[in-house]
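Participant: Structure for this input, please:
(chains A and B)
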Amino acid sequence: MQRTTRKLDDKGGESIDRLQAGTTLQDRYLILGMLGSGGMSSVYKGRDLHFPNVTKLVAIKEMVNLIADQSMYDMVVRNFEREADLLATLSHPAIPTIYDNFTHKNRSYLVMEFIDGQDLEEILAEYKEFLPEDRVVSWAIELCDVLSYLHNHKPQPIIFRDMKPSNVMIDQHNHVRLIDFGIARHFQPGEKGTMIGTEGYSPPEQYRGEASPAGDIYALGATLHHLLTKRDPRIEPPFSFAERPIRNVNPLVSPELENVINTALAYDPKDRYPSAALMKEALISVAKRTGMLSKPSVAAVIKQADKIEELWSFKCEDEIRGSPLVYENLIFVGCYDNNLYALDKETGAFRWKFATEGGITGKPAAEDGIVFIGSEDSRLYALSANHGDLVWTYYTEGPIRSSPTLSDGHVFVGSDDRRLHVINQVSGRRAWRVEANGPIWSTPMVQEERVYFGCESGDFYCYDFKGELKWRKKAKRAVTSSPILVDGMVYFGSRDWTLYALEAENGWQVWRFRMGGATISTPAYADGMIFIGCGDNNIYAIDARHSREIWRYEADHQVTGSPIVHEGSVYVGSVDGSLYCLDFRSGRLRWRFHTDGPITGTPAITENVLYIGSMDHKLYALLI
Amino acid sequence: MQSLIRFLRGIFQRREPDAPEIIARRESRTYPAPSPNRIEVGTGQSAGIERSHNEDALLVLTSASAGEALLPDFGLFIVADGMGGHRAGEVASSVSIRTVARRLTQQTILQMLDLEPAEDLTPLQDLLRTALEEANEAVVEQVPGGGTTLTAAVVLGNQITIGHVGDSRAYLIQNGKAEVVTRDHSLVERLRELGQLTSEEAAIHPQRNVLYRAIGQGANLEVDVLSLAKPKGGHLLICSDGLWGVVSDDTMLQIIAQAGHPQDACDELVRAANRAGGPDNISVVLVRFPEE
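Facilitator: Numbering: from 1, shown residues only, chains lettered A, B, ... in the order given. Coordinates of the predicted model:
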């Protein structure tokens, strides 16, 4: 789109006659063609006929005066002449020489040196790849140099005001030339009606009417940001450069250069370089790669972790894959050594264990003094919490990897036999069951007389308590993780790399969020944010309303465990063996606790103690 | 006036303004007793005092049903504030509303009415995004030089999903509080977010009409979408800046709280904006959700 700033005022814009090639102005300047035009002004390529024996090329800038009011009209012409005079006195290699100025009828003209080259907007459009950093830095240094010259002008500093790629030309010798001093701004009529589009390179304070050297520095930063990222600020929300960090878009840029540009782009003028000369020095250092940072980057300060106190740990005979459960004064955890362990939650002292005939990967559930757990031996067990006595056993026809959910006096559990079983908690008798299209590993979620669960075929179901299917949705791959329901929305992840958000009542898909890998992590919700781990090594924080990523944190390996949020922190384990504690708003690491095996379960937290099992065979209790 | 029709009802409004004197003489309308289970909607529109014609447009579509395997309650509510000279504004707002409504009804309620519903339906947020992008293309093609804001809300089951571009607003009103759930795509709002302007300064800033996003801007339009839970016993308010820019949030809250039916509230909101000078076109849609 050529004109990104469009005025939609009632006048509809008068059409202006442009000069035709062959026209001569002042009996001296022959118009050869148009170089560019926009709004009230145009630039022509011309030839100075006072040098008949050679082709002396000039650039002729024409500004049309359409101001209706007579005294304002005269003022426009006077302002133009004063500025033309000023420009004529400037002498700098980057500023084209002004040769002449005149006004004829309602048009004013500036005749200046013709620059043979391309402006940065054209160069950016032509260059398919990212521009090389060293070229951009060399241009930036020259631009700082000319800005410094302008800002130090006596008696009054000259603010360029209009730094942007289309106003910077690169000539045949790869040198920078500023080509538009915004002299045409005198000719802009007042804005009327609604405008679409903003200038993109202008600093925030310019909209308060303040023009200062710091504004030129911001605009230079904006120009460099555009050059390096190829992202045009005119079509992004204003002042949103921080949302597109240069190195996120173009990883080839050095951190030192990114820092220099970020300093120039600070919202508060006082936080930018106090002068173009200082910015130039910073750029020169970047060029020399002396590693001198102009201002310290806003480094992610990892708080020196209060040493994480391990209260106790308990070693089982095999991997702990599932999640622990805290119930009254005990902690229960299943282990791949076929046992369900019950330990004292404060001391970790062993209380009892119950041997099943298969590995235990689910999380136990407990109510009314009974603890329930499924095993890969296909059975669901009900045991007395205090002593581990068997109360009843329920048989399914396949290994149980799903964790049981308790609700309304029943146990809901899935099995590899492709069924969801609903069992009376007291009697151990089946109340009803439903068929799914694949083994069910996910933990069913029960709310308001409905049960929600996914299965390995990718199907996700919502049944009511009468055993009737309310709705069903299909993901492209297994839904191994468990769903959560918040504010009428069901959220669950799938191995098809997607986090789904469905309207709970009818199953209508409201949004979906794609990640970089399969997920079997159950999401957690807090304060409008959804947290989930992923096989692409990241922990994601997603805004639940806008379905946008707020932050992500990269672990050293897959994050297959599920997160839990507690008092401002997100806790989640990774296959890399660490339990991570991140600030839930920013994703900054608070601390990291190492174990010797992958962590695939979800932590349990109660009274400032966090319990987590690891595939290093241990259950840990940490003071947080 | 229109009575509340139980099945599909569409209103495409372009009424001329009511001068204040006429309203005073109008007989008070009566509405059917509030039905506890259904949403109730009111709409209001006026060209305002200073403008000679109305470039805003609005649309409301609702459905209610009962019976075997039937549809969840559905509602579609859209406000568009057009801009551009020579009728470009009216045409832009109207074209964009029609484009959005057609796309949304096709892929929600019409698909739901299909006897054999399709398996893989587009997520609502994606649908809203696509609908507004299509409106953008339609305006670029059919209304050169025209543009419009557009805020559209789809109510399906217990969720409201909103697609939004520009500086019309959607408010969630519940528990006596009004929350703006959309973001104004205006320059002054960016400046206010950055702490460069206070809300008061933003309200009178000479460039408060400058938008950095509008339907009809052309390439690279980014649409905001969001979803929220239906506010049981609360309201959803969608309006152009001819209302929110002129009547304070507190006044709007008061008017809504005191009105018997959302239509009464809309009439009073329009009157309030005109009393405050009516500098711009005014459009408002107010949806009240049952307590359930």
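Participant: can you pull the contacts of the nearest residue to A:His50 once chain neighbours are set aside?
Facilitator: Leaving out its chain neighbours, the residue that sits closest to A:His50 by CB to CB, 6 or more residues apart in numbering or on different chains is A:Arg28, at 5.8 Å. Glycine gets a C-beta too; all of them are placed from N, C-alpha and C. Contacts for A:Arg28 (CB atoms under 8 Å, 6 or more residues apart in numbering or on different chains) come out as A:48-50.
Participant: So which bits of the stretch 151-292 of chain B are right by chain A?
Facilitator: Within the stretch 151-292 of chain B, the residues that sit near chain A (CB under 8 Å from any CB of the partner chain) are B:156-159, B:161, B:181, B:185, B:187-188, B:190-191, B:194-197, B:205-207, B:209-214, B:216-220, B:224-230.
Participant: repeat for the stretch 1-150 of chain B
Facilitator: B:72, B:83-86, B:88-89, B:119-126, B:145-147.
Participant: In PyMOL, how would I select just the buried ones from those residues?
Facilitator: In PyMOL, a selection of the buried entries from these looks like this (16 or more other CB atoms under 10 Å in any protein chain shown):
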select buried, chain B and resi 72+83+84+85+88+89+121+122+123+124+125+126+145+146+147
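Participant: State which one residue of the stretch 301-450 of chain A is found closest to chain B.
Facilitator: Chain B sits closest to A:Glu448 of the stretch 301-450 of chain A, with a gap of 11.4 Å, by CB to the nearest CB.
Participant: what are the ranges of the strands in the stretch 201-350 of chain A?
Facilitator: Ranges of strands in the stretch 201-350 of chain A, per DSSP state E, counting those that start in this stretch, are A:309-315, A:325-327, A:330-334, A:339-344, A:350-355.
Participant: Could you report the neighbour count for A:Phe102?
Facilitator: Using other CB atoms under 10 Å in any protein chain shown, A:Phe102 is surrounded by 15 other residues.
Participant: pretty sure it is touching A:Tyr109, no?
Facilitator: Yes. Judged on CB atoms under 8 Å, A:Phe102 makes contact with A:Tyr109 at a distance of 5.5 Å.
Participant: Mutual contacts of these two, please.
Facilitator: A:Leu25.
Participant: thinking again about what came up before, check the spacing between the residue nearest to A:His50 and A:Val58 real quick.
Facilitator: 10 Å (CB to CB, to the nearest Å).
Participant: what's across from A:Asn101 in the sheet?
Facilitator: A:Leu110 (DSSP bridges).
Participant: Go ahead and confirm it touches A:Ser108.
Facilitator: Yes. A:Asn101 is within contact range of A:Ser108, at 7.3 Å (criterion: CB under 8 Å).
Participant: So if I had to pick from those two, which one is more boxed in?
Facilitator: Using other CB under 10 Å as the criterion, A:Asn101 and A:Ser108 rank with A:Ser108 on top: 25 against 19.
Participant: Could you export whatever helix or strand that one lives in as PDB, CA atoms only?
Facilitator: Using DSSP states H and E, A:Ser108 falls within strand A:107-113. C-alpha atoms of strand A:107-113 as PDB (Å, rounded to 0.1, in the frame of the first residue of the first chain):
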ATOM      1  CA  ARG A 107       3.200  26.800  -6.000                       C
ATOM      2  CA  SER A 108       6.500  27.000  -4.300                       C
ATOM      3  CA  TYR A 109       9.600  25.300  -5.500                       C
ATOM      4  CA  LEU A 110      12.900  24.200  -4.100                       C
ATOM      5  CA  VAL A 111      15.700  23.300  -6.500                       C
ATOM      6  CA  MET A 112      18.400  21.100  -5.200                       C
ATOM      7  CA  GLU A 113      21.100  18.600  -6.000                       C
END
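Participant: Show me the contact partners of the helix or strand just after it.
Facilitator: Using DSSP H and E, the helix or strand that follows strand A:107-113 in sequence is strand A:117-119. The contact list for strand A:117-119, computed with CB under 8 Å, 6+ apart, reads A:126, A:165-172, A:177, A:179.
Participant: can we see that at 7 Å?
Facilitator: A:165-166, A:168-172 (CB atoms under 7 Å, 6 or more residues apart in numbering or on different chains).
Participant: Quick one: mean pLDDT for the following helix or strand past that strand?
Facilitator: As assigned by DSSP H and E, the chain's next helix or strand after strand A:117-119 is helix A:120-126. For helix A:120-126, the mean pLDDT works out to 92.
Participant: Could you give me the buried positions within helix A:120-126?
Facilitator: For helix A:120-126, the neighbour count (16+ other CB under 10 Å) marks A:120-121, A:123-124 as buried.
Participant: Most widely separated two among these?
Facilitator: A:Glu121 and A:Ile123 (7.4 Å; CB to CB).
Participant: Distance of B:Ala219 relative to A:Asp232?
Facilitator: For B:Ala219 relative to A:Asp232 (CB to CB), the value is 10 Å.
Participant: So between the two, which is more surrounded?
Facilitator: A:Asp232 (16 against 10).
Participant: does the more buried one really touch A:His226, like I thought?
Facilitator: Yes. If you go by CB atoms under 7 Å, A:Asp232 and A:His226 touch, sitting 6.1 Å apart.
Participant: Flag the shaky bits of the stretch 51-200 of chain B, pLDDT-wise.
Facilitator: Scanning the stretch 51-200 of chain B for pLDDT under 70 picks out B:68-70, B:117-120.
Participant: where along it do the strands fall?
Facilitator: Using DSSP E, counting those that start in this stretch, strands in the stretch 51-200 of chain B cover B:56-63, B:74-83, B:147-148, B:150-156, B:159-165, B:169-174, B:177-180.
Participant: Which elements pack onto the first one?
Facilitator: I take that to be strand B:56-63. strand B:9-13, strand B:40-46, strand B:74-83, helix B:88-105, strand B:282-288 (3 or more CB pairs under 7 Å, 6 or more residues apart in numbering or on different chains; DSSP states H and E).
Participant: Any chance of these in a markdown table with distance to A:Pro364 as columns?
Facilitator: Shown next, in a markdown table, are those (distance: least, CB to CB, whole Å):
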| stretch | distance to A:Pro364 |
| --- | --- |
| strand B:9-13 | 54 |
| strand B:40-46 | 48 |
| strand B:74-83 | 43 |
| helix B:88-105 | 46 |
| strand B:282-288 | 46 |
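Participant: Run a quick neighbour tally on the residue of the stretch 301-450 of chain A closest to chain B.
Facilitator: 10.
Participant: What pLDDT is listed against it?
Facilitator: 90.
Participant: go on, A:Ile542?
Facilitator: 96.
Participant: returning to that earlier point: quick one, which of the residues of the stretch 151-292 of chain B next to chain A are buried?
Facilitator: B:156-159, B:161, B:181, B:185, B:187-188, B:190-191, B:196-197, B:205, B:209-214, B:216-218, B:224-230.
Participant: can you list contacts of stretch B:268-275?
Facilitator: Contacts for stretch B:268-275 (CB under 7 Å, 6+ apart): B:20, B:23, B:44, B:46, B:48-49, B:242-243, B:246-247, B:251-252, B:255, B:259, B:282, B:284.
Participant: repeat that with 8 Å
Facilitator: By CB under 8 Å, 6+ apart, stretch B:268-275 touches B:17-18, B:20, B:23, B:44-46, B:48-49, B:239, B:242-243, B:246-247, B:251-252, B:255-256, B:259, B:282, B:284, B:286.
Participant: and the gap between A:Gly597 and chain B?
Facilitator: Look at A:Gly597 and chain B: by CB to the nearest CB, to the nearest Å, they are 38 Å apart.
Participant: Tell me, how many residues neighbour that residue?
Facilitator: 16.
Participant: wait, doesn't it sit right on A:Ile612?
Facilitator: No. A:Gly597 is beyond contact range of A:Ile612, at 11.4 Å (criterion: CB under 8 Å).
Participant: gap between B:Leu197 and A:Arg208?
Facilitator: For B:Leu197, the distance to A:Arg208 equals 8 Å [CB to CB].
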